[in-house]
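# with the sequence up front, the predicted model follows.
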Amino acid sequence: MAEKIDHIGIAVADLKAASEAFALLLGVQPGLPEEVPEQKVRVVFFDVGGVHVELLEPTCPESTIAGFIEKRGPGLHHVAFAVNEIESELARLTEGGARLIDQTPRIGAHGMKIAFVHPKSSAGVLTELCEKVG
Ligand code: ZN
């Protein structure tokens, strides 16, 4: 079961410029940039009442975020829901016939366990499940 919206991921071409734009928009300063080698992105998070805005900048042309920006331009990339036990959620979704991008969780920003669900199984919106570890 999804517990809450954890964050909203936005693909950006220029992390510095986008961070400044969101700092102005939200009136909130972002956390420190973090590189996530496994996803070939650099990210910053803004805390907005416990829900985060994640800005993702590709670190190389092979990054899926680079491909996304090339195809569709910068913008809304995914919505992430916090779950308690990601493995059992993935099993539940598979059982229900959902199409998963990640059959098993991988490690995302902040060391969280994350897995993506295919947009075909979520009304066209790329969906991430994430579980805080520790
Ligand atoms: Zn995310």
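Here it is on my side, so go on. Everything numeric in this text was worked out from a predicted model, so none of it was measured. Numbering: from 1, shown residues only.
# just the helices in this structure please.
15-26, 64-72, 86-95 (DSSP state H).
# which residues touch the helix or strand of the chain with the lowest mean pLDDT?
Across the helices and strands of the chain, the lowest-confidence element by mean pLDDT, DSSP states H and E is strand 106-107, at a mean of 91. Applying CB atoms under 8 Å, 6 or more residues apart in numbering, the external contacts of strand 106-107 come out as Glu38, Lys113, Ile114, Ala115. In this view, the C-beta of every residue, glycine as well, is placed from N, C-alpha and C.
# and that strand, is it in reach of the ion?
No: residues of strand 106-107 contacting the ion under CB under 5 Å from the ion: none, with a closest distance of 11.6 Å.
# parallel or antiparallel, list what pairs with that strand.
Using DSSP bridges, strand 106-107 pairs in its sheet with strand 113-117 (antiparallel).
# how far does the partner strand sit from the chain's center?
What separates the centre of strand 113-117 from the centre of its chain is 9 Å, taken as CA atoms, centre = their mean, to the nearest Å.
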